[in-house]
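K.L.:
Please find the sequence and the predicted model below.
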Amino acid sequence: MASLQVSGVTVSFGGNRALDGVALTAEAGRVTGLIGPNGAGKSTLFDVASGLRRPSSGQVRLDGRDVTRARPSARARHGLARTFQRLELFGRLSVRDNLLVAAELGPERRRAEQVVTEILHRLDLTDVADTSPDALPTGVGRLVEVGRALAIRPKVLLLDEPAAGQDAEETERFAELLRALTEDGTAVVLVEHDMSLVMAVCDEVYVLDLGKIIAVGPPEVIRSDETVLAAYLGDA
Ligand SMILES: Nc1ncnc2c1ncn2[C@@H]1O[C@H](COP(=O)(O)OP(=O)(O)OP(=O)(O)O)[C@@H](O)[C@H]1O
Ligand SMILES: [Mg+2]
């Protein structure tokens, strides 16, 4: 069964249709890419999936359960976690405490400290655990956001441009992390402008343009799709 299923989602801002009948399915153990030009509606789709924005029509299902009207916190309890394109970390808390706040909401809240220690280690953040995220370079801050999302032990993980600000070596390590997460059975949805990362890690790629899905397929097909090239890759 699909871990995350979005169907017929429409969102308008005034007269502007940011999303127009969008459908997307993310399966456990796979990385699903979501690409498209600036303003295509990618972050808005994450807002709808995570419950920060109510669509004017359409449905969101998590593990088959209709959560279209559920609050963000309820969706988190059902295993949905996300990161933000603009970092939304707590600057007054240490890196460790940013993760701890999340771990205490998750299914392993009774062993939250251990969960956090394990994730800090996994993301190579142990050395900066007692630092404020505000003091870290953006690329590392993005990892802290990913760590905070992982601390709720998500079944579905939505990542909004997680590699922006990472250097080539950080991106390579990040790709390895994504592969490891899918081996654990997580459904990952990746919004990313770094095409080499998208092509390297995604099992399936959705292309959004002006609020509509214009192509879906394996990365090697998407890469040579003429409609996609015209809309996006041509100017990337
Ligand atoms: N709060 C808002 N109020 C009005 N319009 C908005 C709002 N949020 C997004 N939009 C508009 O909705 C459209 C989709 O924006 P969105 O941020 O989802 O795109 P995106 O694909 O994430 O772009 P980017 O690659 O630049 O992050 C754009 O036209 C944007 O201007
Ligand atoms: Mg965006």
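P.N.:
Happy to help now that I have it. Ligands and ions are numbered 1, 2, ... in the order given.
K.L.:
Give the buried residues for the helix or strand where residue 96 lies.
P.N.:
Assessed by DSSP states H and E, residue 96 sits inside helix 95-103. Judged by neighbour count using 16 or more other CB atoms under 10 Å, the buried positions of helix 95-103 are 95, 96, 97, 98, 99, 100, 102, 103. In short, each C-beta sits where N, CA and C put it, glycine included.
K.L.:
Keep only the residues you listed that also lie close to ligand 2.
P.N.:
Here nothing survives when the buried residues of helix 95-103 are matched to ligand 2 using CB under 5 Å from the ion.
K.L.:
Those residues of this protein touching ligand 1, which are they?
P.N.:
13, 16, 18, 36, 38, 39, 40, 41, 42, 43, 44, 85 (CB under 6 Å from any ligand atom).
K.L.:
Please indicate which of those residues are buried?
P.N.:
Looks like the residues of the chain next to ligand 1 have 18, 36, 40, 41, 42, 43, 44, 85 buried, using 16+ other CB under 10 Å.
K.L.:
Take the residues you listed and keep only those in strands.
P.N.:
The subset of those located in strands under the criterion DSSP state E comprises residue 18.
K.L.:
The protein: helices as residue ranges?
P.N.:
Taking DSSP state H, the helices of the chain run over residues 42-50, 72-77, 95-103, 112-122, 138-150, 168-183, 195-201, 219-223, 226-231.
K.L.:
show me what contacts the closest residue to ligand 2 within the chain?
P.N.:
For the chain, the residue closest to ligand 2 is residue 43, as judged by CB to the ion, at 3.1 Å. With contact set as CB atoms under 8 Å, 6 or more residues apart in numbering, residue 43 has these partners: 85, 160, 191.
K.L.:
what about this protein, any weak spots by pLDDT?
P.N.:
Regions of the chain meeting the criterion pLDDT under 70 cover residues 1, 233-236.
K.L.:
Can you tell me which residues in it are near ligand 2?
P.N.:
Residues of the chain found near ligand 2, taking CB under 5 Å from the ion as the criterion, are 42, 43, 85.
K.L.:
if we can go back for a sec, and the two most separated of the residues of the chain next to ligand 1?
P.N.:
Longest distance between any two of these is 18.7 Å, between 16 and 85; criterion CB to CB.
K.L.:
Pull the number of nearby residues for residue 164.
P.N.:
Residue crowding around residue 164 was assessed by other CB atoms under 10 Å; the count is 16.
K.L.:
so it touches residue 138, yeah?
P.N.:
Yes: the pair formed by residue 164 and residue 138 meets the contact definition of CB atoms under 8 Å, at 7.3 Å.
K.L.:
Can you give the domain ranges for this protein?
P.N.:
4-79+154-235, 88-153 (automatic domain parsing).
K.L.:
Could you dump the buried ones among the residues of the chain next to ligand 1 into JSON lines with distance to residue 113 added?
P.N.:
Written out in JSON lines, the entries for these read as follows (distance: CB to CB, whole Å):
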{"residue": "18", "distance to residue 113": "40"}
{"residue": "36", "distance to residue 113": "40"}
{"residue": "40", "distance to residue 113": "40"}
{"residue": "41", "distance to residue 113": "39"}
{"residue": "42", "distance to residue 113": "35"}
{"residue": "43", "distance to residue 113": "32"}
{"residue": "44", "distance to residue 113": "36"}
{"residue": "85", "distance to residue 113": "30"}
